[in-house]
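Undergrad: Return a 3D structure for these sequence lines:
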Amino acid sequence: MNKQVIITNGVGTADLINGTYTVTSNTIGYDNTSINPSSLTVVDGTNSYNLTISATGTLTLHVTEDGTSSGTPVVGATFVRTDSGGTTYGSTITTDSNGDAVFDNVPFASTDAPLIYYKQTASDGDHEFNSAVQNTSLTTSTSTIEVTNAPGVSRTINLTDANYENLPIQAGTLTLNNN
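TA: Numbering: from 1, shown residues only. All right, here's what the predicted structure looks like:
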């Protein structure tokens, strides 16, 4: 007897009797043959079972100063996978000498591809970045998204004497630490 389990946000329920079940998957964007375990033994006293499935797509985030494929690469920008609410999953990835941060094993499908959420967590210290949760979907097994990390804007820092209003300090060095 077949039991269909509808998964929503990683969870599904079904009324199951004790026994061994062969598990197959129909999950858009994932390699359905990678379902693990492919055999599930349901026993008394255990009411929760964990399965995994893999994807085979590759998402490259190409980070440059102007957000174009030929722009100056930004090395050392970091990204993480998230859900729509920003909860992080997996390891941080960092842009290489070409400005590429590569997420392997992401879902893809030619139609109805699931959304892939990610956010940038840092740049190299000399470039601005958008830390908001972003999303995309892959309709092919590989995709590249151009990301802009513009250089920091030149700012003027004025230093005057605290006791003599508007008297400029002739020489000195300030160190600004970006916490």
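
Undergrad: Show me where this structure has its strands.
TA: Secondary structure of the chain by DSSP state E: the strands cover 19-22, 31-36, 39-42, 52-54, 57-64, 78-82, 88-94, 100-106, 116-122, 134-136, 142-148.

Undergrad: Tabulate these in CSV, adding columns for distance to residue 13 and mean pLDDT.
TA: Glycine gets a C-beta too; all of them are placed from N, C-alpha and C. Shown next, in CSV, are the strands of the chain (distance: least, C-beta to C-beta, whole Å; pLDDT from 0 to 100):
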stretch, distance to residue 13, mean pLDDT
strand 19-22, 14, 96
strand 31-36, 18, 97
strand 39-42, 13, 96
strand 52-54, 18, 97
strand 57-64, 29, 98
strand 78-82, 26, 98
strand 88-94, 23, 97
strand 100-106, 27, 98
strand 116-122, 25, 98
strand 134-136, 27, 98
strand 142-148, 34, 98
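
Undergrad: With respect to burial, which of these scores highest?
TA: Ranked by mean neighbour count under mean count of other C-beta atoms under 10 Å, the strands of the chain are led by strand 57-64, which reaches a mean of 22.

Undergrad: who does the residue nearest in space to the middle of the chain bridge with?
TA: Closest residue to the average C-alpha location of the chain: residue 81 at 2.3 Å, with C-alpha atoms, centre = their mean. Beta bridges link residue 81 to residue 89, residue 118, judged by DSSP bridges.

Undergrad: need the contact list for it.
TA: Applying C-beta atoms under 8 Å, 6 or more residues apart in numbering to residue 81 gives the contacts 88, 89, 90, 103, 106, 116, 117, 118.
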